[in-house]
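> The following comprises the amino acid sequence and a computationally predicted model.
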Amino acid sequence: MPAAARSLHEDLYRAGYYPELVADVLEVALADEPVVAHLVHPETTFDSAEVRRHVTVLVLTPTRLVCAHVDDHPADSEHPSSAASATTESVPLAELRSVVLTHLVERPERHEPGKAALELTLAIGWGAVSRVDLEPATCGDPACEADHGLTGTLAPDDVVVRVSAAAEGADSVRAATEFARALSAASARR
């Protein structure tokens with residue numbers, strides 16, 4: 001097994017979230033294409049006193065970005081056993097429209113070159129999903145009570161991954177930064 005693929009499998013097992021399932025769905029999506037870089041990002045959320053787990057895996061190949069999402073589905077009255085859904089999407093690099101990185105650093109006036117950020121948010125857009133943020137439109141008259149409709153923004157929202165040193169550790173932020181660097185370079189060569 002090539003080193004990049006072995007590293008991906010090691011990170012899947014380190015994340016500990018159904019690693020065999022995630023590896024299996026990725027194998028289908030990768031279709032024997034080599035792994036160039038990857039990012040494994042497990043998340044745990046609390047929803048109405050329930051713990052829900054999720055993992056996002058981003059894999060860069062020479063020609064594509066493969067995104068995998070795996071979610072828990074706890075047992076309930078309609079489904080007596082727990083389940084997981086695993087979704088993959090393969091995006092040709094030529095289709096990538098944006099790779100947006102937001103670095104959160106403390107004490108920016110003392111920033112040292114090469115020092116890892118406290119948080120890194122990676123937003124990748126290719127036009128499949130957009131988010132609409134609406135708010136009531138207003139005119140310049142503060143006393144006006146007329147309905148001016150709505151105004152808003154449309155933003156690409158295909159994949160957003162936020163990695164925090166406080167939650168996942170500084171090594172996770174560095175790994176996300178290295179993946180973002182590889183993806184940015186690959187998107188520029190398309």
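Sure thing, it's come through.

> where does the protein have its least confident helix or strand?
Using mean pLDDT, DSSP states H and E, strand 150-156 stands out as the lowest-scoring helix or strand of the chain, at a mean of 73.

> Please name every helix or strand in contact with the helix or strand that it is followed by.
Using DSSP states H and E, the helix or strand that directly follows strand 150-156 along the chain is strand 159-164. Under the contact criterion of 3 or more C-beta pairs under 8 Å, 6 or more residues apart in numbering; DSSP states H and E, strand 159-164 touches strand 37-47, strand 50-60, strand 119-125, helix 170-189. For every residue, glycine as well, the C-beta is placed using N, CA and C.

> Among these, which comes closest to residue 18?
Set against residue 18 and scored by C-beta to C-beta, the helices and strands packed on strand 159-164 come closest in strand 50-60, at 7.7 Å.

> So what are the sheet partners of the closest one and their directions?
Strand 50-60 has its sheet partners listed here by DSSP bridges as strand 37-47 (antiparallel), strand 64-73 (antiparallel).

> Buried ones in it, by neighbour count?
Neighbour-count burial for strand 50-60 flags 53, 55-60 (criterion: 16 or more other C-beta atoms under 10 Å).
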